[in-house]
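>>> Sequence first, predicted model second:
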Amino acid sequence: MDLNNQNNESCSNTPCPLDKKSPQKPKQVLVLWNQTGVDVYELWREQGTHAVSWDADEPASDVGTVQEEMDTLVKAVRDNGFEVNVVNVEDSLERLIAAIRLHKPDIIFNLIEYFKDNENLEASCAGLYDLFDIPYTGSPPHVLLTCQDKIRTKVLFEDANIPTPAYMVVEKEPIDNPLSLRLEYPLIVKPSREDASGGIEAASIVHDYEALVARCRYVLEEFEQAVLVEEYIEGREIHVAIMGNENPEVLPLFEIEFDDSDFETDERWRPEIVSYSAKWDPFSKVFYTMDSVCPAEDIDDALAQKINALALRVYKVIQCRDYARMDMRIDEEGEPYVLEVNPNPDLADGSAYMTCAVATDRSYTDAIGDILKLPLDRRQKRLDKEAAKPKKVSDHLLRKYLDDQGMDTTVGTDGIIDRETINRHNAHEMRQEPQQVDETSHIHEPQHKPETSQNDIMLVSTAIEPSLDDSPAEPSFEEPHHLPDDSHAEPPLEVPHRHNEKEHE
C-alpha cells in the first residue's frame, strides 16, 4: 500500500459515529509517523525462513513489519468512519508542516515517537500541533518530556509518595558505593533516557560493585547519558493500561511470564526482565522466554484494587492524557512498585496496550475509535466553555486600562486585543464628548447699540490692516512612512511531492 498516496478513500457511505450532527461530512484524520532507513523485519522476511542458532529445526518467528502495523491501524481509523491521510514525515520538519497545511485535519493521530534520533524532539512535535491548535491523540509535550527522562519521573514519584524501587544516579566516574546509600544488591542499571527497553540486557543486573562499575561505564560511553541504578525487584511483572481523561478506565491487567526452561541448567542465572533482545530480536534465545497473560491470573481482588488505584494515581500525578501504560513489579509480599510510565504506548494490534483493550470485549477497531474520540471531546468541551464564558484579555494591566476606558475586556476570544481597536474606541469617545463652554469668554452686548462715528470706523480699519510681516506660513508635509521591504521574506513552504514514495515507520 502506498501511504504517500494518502489512503484517503472516501467514507461518504459510512457516517462518522463521532460527528452525529454532520454525518455527511466525516472528520478528517491525519496519521503522522516517522520512519527513516530500512525496516530490518522486512529484510529478514525477504531472506526467507531461517532457523534459530540453537535449534536447526526451529524457525525464527516471523515478526510483523512496521508497514503492516500501520496498514492495520489506518484501516481501523477508516472503519470508524473517518477520512484518513497518512504521512511519514521522514525526519523532515518541512514535510511535517506541509502535511498539516495541506490536509487541514480535524484531528492528528500522533504516532511520532522520535525525531532526528533525538528523544526530546518527540515532545516538540506535539508542541507543534498545539501551535497549530489542532487536537491530537495522546499526551501533551510536558508529559512526553517527563517520561522520557526516567530520573525526572522518579523524582515525581518520590514527591507524590508513589512506591518505586530505591535508586541512585550516576553521571560520571568515580561511582558511589551503593551500600553507602543504603541500596541493596542485586541492582539493575538503565540508561536514563532510552525507551523500548533500550540498553536493558541480562548484564544490566549486577550483584557487586565491580559489575556495577563495568555496566555503568558501558552505559555512559555507549548511550552518552546519565545512568539510573535501581534495586532489582524480584517478583511478577504487571503492566497496567489506562484509557480516558475525566474518568479514566483501568483496562484488564497484563502480566509478562518468564520461562527459562530452554536454557541449560549450567547456564548462569537469568533475571526475569523485559530486555531489548527479549522484546525485539527473534534470533535471540531470550526472545522465546517471555509470554503474556491478559487478564492476569491469580491476583486476588484486594491486590487488583491496590494495583488499579496506584496506576490511576500515577496517571494523574504525571498528567497523562488519553491513554498510557504503567509498568510495575509486585514483590514477594504483594506490594506493587512502579517502574516507569509509558505515555503514547505502542498501539499495534497485539501490543500489550491493545491486548488489554481487546480484553474488555472491544475490538481493535473499537479501541482505536475510542482513542480518537478523546481529543475530539476535549476540543468540543473547550469550545463550549469559551462560548459560555468568553475569554478575557490575558494581560492584567491592559485589562485594567480597558476597564478604566469602559471597553469590553472580552474582545477577541484568544485573549488578545490590538492597538487599532483601542484607537478606534478612543476616537469614538472623543467625537461623543460634549464641547465645554466657557461663559466668561463671551462679551455681552448692551441692549442699545451706541452710534458709531466716522472716526471710530477709521480707527478700526487701521487696526485690522494686515502687516507685510504677517504672511501665512508655508504648509508643512511629513514624509510618508515606507512599508517594510518584504522582498527578502521567506518563500512559502512547498508541499513535498508524494507520488511514488513508500512510507515506513
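Here it is on my side, so go on. Numbers count the residues shown, from 1 in each chain.
>>> The residue found closest to residue 351 once you drop the neighbours it is linked to in the chain: neighbour count?
Distances taken as C-beta to C-beta, 6 or more residues apart in numbering place residue 345 nearest to residue 351, at 7.1 Å, with adjacent residues excluded. For the C-beta atoms, the positions are set from N, CA and C on the backbone; glycine is no exception. Neighbouring residues of residue 345 were enumerated by other C-beta atoms under 10 Å; the total is 22.
>>> you'd agree residue 345 is in a strand?
No - counting by DSSP: H, G, I helix; E, B strand; the rest coil, residue 345 falls outside a strand, being coil.
>>> The strand or helix carrying residue 429: how far from the chain's middle?
Under the criterion DSSP states H and E, the helix or strand holding residue 429 is helix 419-432. Between the centre of helix 419-432 and the centre of its chain there are 42 Å (C-alpha atoms, centre = their mean, to the nearest Å).
>>> Near residue 360, how many other residues are there?
By the criterion of other C-beta under 10 Å, residue 360 has 15 neighbours.
>>> Wait, it touches residue 250, no?
No - the pair formed by residue 360 and residue 250 falls short of the contact definition of C-beta atoms under 8 Å, at 10.1 Å.
>>> circling back: alpha carbons only: can I get the helix holding residue 429 in CSV?
Below are the C-alpha coordinates for helix 419-432, written out as CSV (Å, rounded to 0.1, in the frame of the first residue of the first chain):
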residue,chain,number,x,y,z
ARG,A,419,-4.0,48.7,19.2
GLU,A,420,-6.3,49.6,16.3
THR,A,421,-9.3,48.5,18.3
ILE,A,422,-8.2,50.8,21.2
ASN,A,423,-7.5,53.7,18.9
ARG,A,424,-10.9,53.3,17.3
HIS,A,425,-12.6,53.3,20.7
ASN,A,426,-10.7,56.4,21.9
ALA,A,427,-11.5,58.3,18.7
HIS,A,428,-15.2,57.5,19.0
GLU,A,429,-15.2,58.7,22.6
MET,A,430,-13.6,62.0,21.6
ARG,A,431,-16.3,62.6,19.0
GLN,A,432,-19.0,61.8,21.5
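>>> Which strands or helices does that helix pack on?
Secondary-structure packing of helix 419-432 (3 or more C-beta pairs under 8 Å, 6 or more residues apart in numbering; DSSP states H and E): no helix or strand packs against it.
>>> Sort out which residues of it are buried, please.
Neighbour-count burial for helix 419-432, counted by 16 or more other C-beta atoms under 10 Å, picks out 422, 425.
>>> can you tell me which helix or strand residue 138 belongs to?
Per DSSP H and E: nothing holds residue 138, as it lies in no helix or strand.
>>> where does this protein have its least confident helix or strand?
For the chain, using mean pLDDT, DSSP states H and E, the weakest element among its helices and strands is helix 454-464, scoring a mean of 47.
>>> number of nearby residues for the residue nearest to residue 343 when sequence neighbours are not counted?
In this structure, residue 343 finds its nearest non-sequential neighbour in residue 139, 3.9 Å apart by C-beta to C-beta, 6+ apart. As a burial measure, the neighbour count of residue 139 was computed by other C-beta under 10 Å and equals 25.
>>> what's the answer for residue 350, then?
13.
>>> quick one: the closest residue to it other than its chain neighbours from residue 366, how far?
Take residue 350 and drop its neighbours on the chain: the residue closest to it by C-beta to C-beta, 6+ apart is residue 64, 7.8 Å away. Distance of residue 64 to residue 366, computed by C-beta to C-beta, to the nearest Å: 21 Å.
>>> Let's test this: mean pLDDT of the helix or strand residue 67 falls within, rounded?
According to DSSP H and E, residue 67 maps onto helix 66-79. Averaging the model's pLDDT scores along helix 66-79 yields 96.
>>> now swap in stretch 259-274 and tell me
Averaging the model's pLDDT scores along stretch 259-274 yields 70.
>>> Are we agreed that residue 378 is in a helix?
Yes - applying three-state DSSP, one finds residue 378 inside a helix.
>>> thought it was touching residue 136?
No - contact status for residue 378 versus residue 136: not in contact, 9.9 Å apart, counting by C-beta under 8 Å.
>>> With only the CA atoms kept, save stretch 122-132 in CSV.
The C-alpha trace of stretch 122-132 is given here as CSV (Å, rounded to 0.1, in the frame of the first residue of the first chain):
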residue,chain,number,x,y,z
GLU,A,122,9.1,13.7,20.3
ALA,A,123,7.6,16.3,22.6
SER,A,124,8.4,19.1,20.2
CYS,A,125,6.2,17.5,17.5
ALA,A,126,3.3,17.5,19.9
GLY,A,127,4.1,21.1,20.7
LEU,A,128,3.8,22.0,17.0
TYR,A,129,0.3,20.5,16.9
ASP,A,130,-0.6,22.8,19.8
LEU,A,131,0.8,25.8,17.9
PHE,A,132,-1.5,24.9,15.0
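>>> who's in contact with it?
With contact meaning C-beta atoms under 8 Å, 6 or more residues apart in numbering, stretch 122-132 is reached by 32, 96-97, 100, 108, 110, 112-115, 135-136, 138-142, 144-145, 148.
>>> Just the residues you listed: which are in strands?
Where those overlap with strands, as defined by DSSP state E, the overlap consists of 32, 108, 110.
>>> Quick check: beta-bridge partners of the last one?
Listed beta-bridge partners, residue 110: residue 32 (assigned using DSSP bridges).
>>> Hmm, residue 156 and residue 318 touching each other?
Yes - between residue 318 and residue 156 there is a contact at 6.6 Å, judged by C-beta under 8 Å.
>>> Let's see the pLDDT reported for residue 413.
What the model reports for residue 413 is a pLDDT of 52.
>>> got a list of what the residue nearest to residue 343 touches?
For residue 139, the contacting residues are 126, 147, 319, 320, 321, 322, 324, 343, 344, taking C-beta under 8 Å, 6+ apart as the criterion.
>>> domains for this structure, by residue range?
1-136, 390-423 (automatic domain parsing).
>>> Which of those has the highest mean neighbour count?
Across these, averaging neighbours per residue (mean count of other C-beta atoms under 10 Å) puts domain 1-136 on top, at a mean of 17.
>>> so where's this structure uncertain?
Counting by pLDDT under 70, the ranges of the chain that qualify are 1-24, 261-269, 411-416, 432-505.
>>> now the helices for it?
40-46, 66-79, 93-103, 121-132, 141-148, 150-159, 209-223, 276-280, 301-318, 352-358, 364-388, 396-404, 419-432, 454-464 (DSSP state H).
>>> now for those helices, which one comes closest to residue 185?
Proximity to residue 185 (C-beta to C-beta) singles out helix 209-223 among the helices of the chain, at 8.4 Å.
>>> Could I get the buried residue list for the closest one?
The neighbour-count check on helix 209-223 (16+ other C-beta under 10 Å) flags 211, 212, 213, 215, 216, 218, 219, 220, 223 as buried.
>>> which residues does the fourth one contact?
When the contact criterion is C-beta under 8 Å, 6+ apart, the partners of residue 215 are 189, 203, 204, 206.
>>> again, only this time at 6 Å
Contact criterion C-beta atoms under 6 Å, 6 or more residues apart in numbering gives 189, 206 as the residues in contact with residue 215.
>>> Going forward, count from 581.
Sure, I'll start counting at 581 from here, so that last one is residue 795.
>>> how close does it sit to residue 780?
In this structure, residue 795 and residue 780 are 11 Å apart, going by C-beta to C-beta.
>>> Redo the ones in strands among the contacts of stretch 702-712 as TSV? Include distance to residue 660.
Written out in TSV, the entries for the ones in strands among the contacts of stretch 702-712 read as follows (distance: C-beta to C-beta, whole Å):
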residue	distance to residue 660
612	17
688	15
690	17
